[in-house]
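In: make a model of this:
(2 chains)
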Amino acid sequence: MSVQAWARFAVVLIVAAVVQVGLLNSVQVAGAHPDVFLLIAVVAGLLRGPQKGATMGFFTGLVADLFVATPYGLSSFCFVLVAFSVGLAAGLPGGRAPYSFRVMTAVLGGIGGTLLFAGLETLIGQPHPDVRQLAAICGVVALGNAVLVVPTVAIVQRAVPSGGASQREAAALSGGSSPAR
Amino acid sequence: MATTRRNTSQRLTLVILLLASITVITLDYRGSASRDIGSLRSAARDVISPIQRGISAALRPVGNFFAGAVNYGSAAAENGRLQNEIGTLRRQVLENAQAEHQLQQILSLQHLPFVQNIPTADAEVISGSTSNFQLTIEIDRGTSNGVAVGMPVVSGAGLVGDVIAAGSSTSVVQLMTDPRSDVGVSFGPSSSVAVAQGQGAGAPLSLLDVTASMTPKVGERVYTSGITGANNYPGGIPVGYITSVSPPNGSLTRTVLVQPYASFSDIQYVSVMQWLPPA
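Out: Below you'll find the model as predicted:
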């Protein structure tokens, strides 16, 4: 990835921080809210594969951790694993079905990432929510991911383009027309 | 061959990134970098807070409109109940005035702080928690307004929590319902002392250290105990009331639940008590 691509990705993360802190934190359902940073890690894995996706997930986690009081680096650890796993899954044959596959991956990534974060918190001795609350968080994060995955894919793809085929997919996914068609 | 090399490269990247994350976590936990990370977090919140306030101010009326429309029936009933409660409270204030005066005199003789004499900084809640795993709120007052880490935060109803991070213009308040929160409390006629621990969003507090000799009763009011070392709060701040004691008496292990007076779901304004526990 070029320096310009990283700079554009940094801008995406700043915008994500504003959207998360200024808007999504207030969208509370059953005590939980959507998590745009986790979604960006999922999308990074989807669009850029396991290696670059995990690197993007790492930096996404570092930015996300600026706005929480959990141990710094915990989100990075979680997002690296999520982006890497999603990147591997995106290489499977199912990855060729853009819309349904990406929505399903975003939903499963949201649930998996939330459970992974809860597990990591438990591992380092932090208190964790009870099963009822954890289920609510998983549900809200998964629903938020399903709703926001289309614009997020379009934005990340535009900021960090990964080649002609992916651009056409992103354009089709976001409802736009592909210049190559 | 190329696939094997790519797989090795991917695994190597994964290991490096995970090790980097673990290093950052360790530095935050144990290293001297912890303070720098705290400063970085405060700076990030201060940078984003003007935008946050703008969005909050713009969207709050819209949210209130929809909430009001959906909950019109219950809001009207609650209004009537609150009017009645205000009348009762006005009468109680008059009755308590004399007792309060006497208490102030006694506490001043003992050089103890009286809750109502502690200066406060009023603040508006500008955001909830960014993490789904923490129960915090962000307020629009920071170190430039005299707010510091460890200060208690109250609403009109009672204790809300305490400041856990303070930037120059914003602060993060950990709600007392967060599982990380412990509040030293007292209850009952004999002022029995225990610790109230948060159990998550929407759940009541749980009283720890309730001994067999204590006789907690449903409905009893619970206040901060003010005992140094057991909590970070001055004594006498209303916390909540006991809603459940099981089994009622005589057992060594009893579950005592406390419903907080403060409502955390729609909290909009709070006051930071400019009081710090003795070093």
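In: residue closest to the middle of the chain?
Out: In the absence of a named chain, chain A is used. Chain A has A:Leu39 as the residue nearest its centroid, 2.1 Å off, counting by CA atoms, centre = their mean.
In: wrong one, I was asking about chain B
Out: B:Gly161 (1.9 Å).
In: helix/strand/coil for A:Pro34?
Out: coil (DSSP: H, G, I helix; E, B strand; the rest coil).
In: so who does the closest residue to it other than its chain neighbours touch?
Out: The shortest distance from A:Pro34 to any non-neighbouring residue, by CB to CB, 6 or more residues apart in numbering or on different chains, is to A:Gly144 (2.5 Å). All C-beta atoms are positioned from the backbone trio N, CA, C, and that covers glycine. The contact partners of A:Gly144, by CB atoms under 8 Å, 6 or more residues apart in numbering or on different chains, come to A:24, A:27, A:33-36, A:39, A:110.
In: so which strand or helix has A:Gly144?
Out: Assessed by DSSP states H and E, A:Gly144 sits inside helix A:131-159.
In: over to B:Ile51?
Out: Counting by DSSP H and E, B:Ile51 is found in helix B:33-70.
In: pLDDT (mean, whole number) over that helix?
Out: Averaging pLDDT along helix B:33-70 yields 75.
In: stretch A:136-155 too?
Out: 93.
In: check which residues of it are buried.
Out: A:136-142, A:144-146, A:148-150, A:152-155 (16 or more other CB atoms under 10 Å in any protein chain shown).
In: any stretches of the chain with poor pLDDT?
Out: No chain was given, so I picked chain A. Chain A contains residues with pLDDT under 70 at A:92-97, A:162-181.
In: that's the wrong chain, I wanted chain B
Out: Using pLDDT under 70, chain B drops low at B:1-3, B:31, B:59-72, B:91, B:94-95, B:97-116, B:228-231, B:248-252, B:279.
In: which parts of it are helices?
Out: B:2-29, B:33-70, B:72-109 (DSSP state H).
In: okay if I get those helices as a markdown table plus distance to B:Val154 and mean neighbour count?
Out: Formatted as a markdown table, the helices of chain B follow (distance: least, CB to CB, whole Å; neighbours: other CB atoms under 10 Å in any protein chain shown):
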| stretch | distance to B:Val154 | mean neighbour count |
| --- | --- | --- |
| helix B:2-29 | 30 | 15 |
| helix B:33-70 | 21 | 15 |
| helix B:72-109 | 16 | 10 |
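In: so which of these comes closest to B:Leu257?
Out: helix B:72-109 (22.5 Å; CB to CB).
In: doesn't A:Val107 lie inside a helix?
Out: Yes: according to three-state DSSP, A:Val107 belongs to a helix.
In: contact partners for it?
Out: Counting by CB under 8 Å, 6+ apart, A:Val107 has contacts A:142, A:145-146.
In: against chain B, how distant is it?
Out: Per CB to the nearest CB, to the nearest Å, A:Val107 is found 16 Å from chain B.
In: not counting sequence-adjacent ones, nearest residue to that residue?
Out: A:Ala142 is the one closest to A:Val107 (CB to CB, 6+ apart), at 4.6 Å.
In: how close does the one you found sit to B:Val147?
Out: 37 Å (CB to CB, to the nearest Å).
In: quick check: phi and psi on A:Ala89?
Out: phi -60, psi -40 (degrees, to the nearest 10).
In: that one and A:Thr105, how far apart?
Out: 6 Å.
In: which one's more surrounded, the two?
Out: A:Thr105 (23 against 18; other CB atoms under 10 Å in any protein chain shown).
In: now do the contacts for the more buried one.
Out: A:42, A:46, A:86, A:89-90.
In: separation between it and chain B?
Out: 18 Å.
In: touching, the residue nearest to A:Val107 and A:Ile111? I think so.
Out: Yes: between A:Ala142 and A:Ile111 there is a contact under CB atoms under 8 Å: 5.1 Å.
In: which neighbours do those two have in common?
Out: By CB under 8 Å, 6+ apart, no residue touches both A:Ala142 and A:Ile111.
In: follow-up on the earlier one: nearest to B:Arg141 among the contacts of A:Thr105?
Out: For the contacts of A:Thr105, the nearest to B:Arg141 is A:Val42 (35.8 Å; CB to CB).
In: list the residues that contact B:Thr177.
Out: B:Thr177 neighbours (CB under 8 Å, 6+ apart): B:135, B:198-203, B:205, B:260, B:264.
In: buried ones only from the residues you listed, please, as a ChimeraX command.
Out: Listed next is the ChimeraX selection for buried residues among these, using 16+ other CB under 10 Å:
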select /B:135,198,199,200,201,203,205,260,264
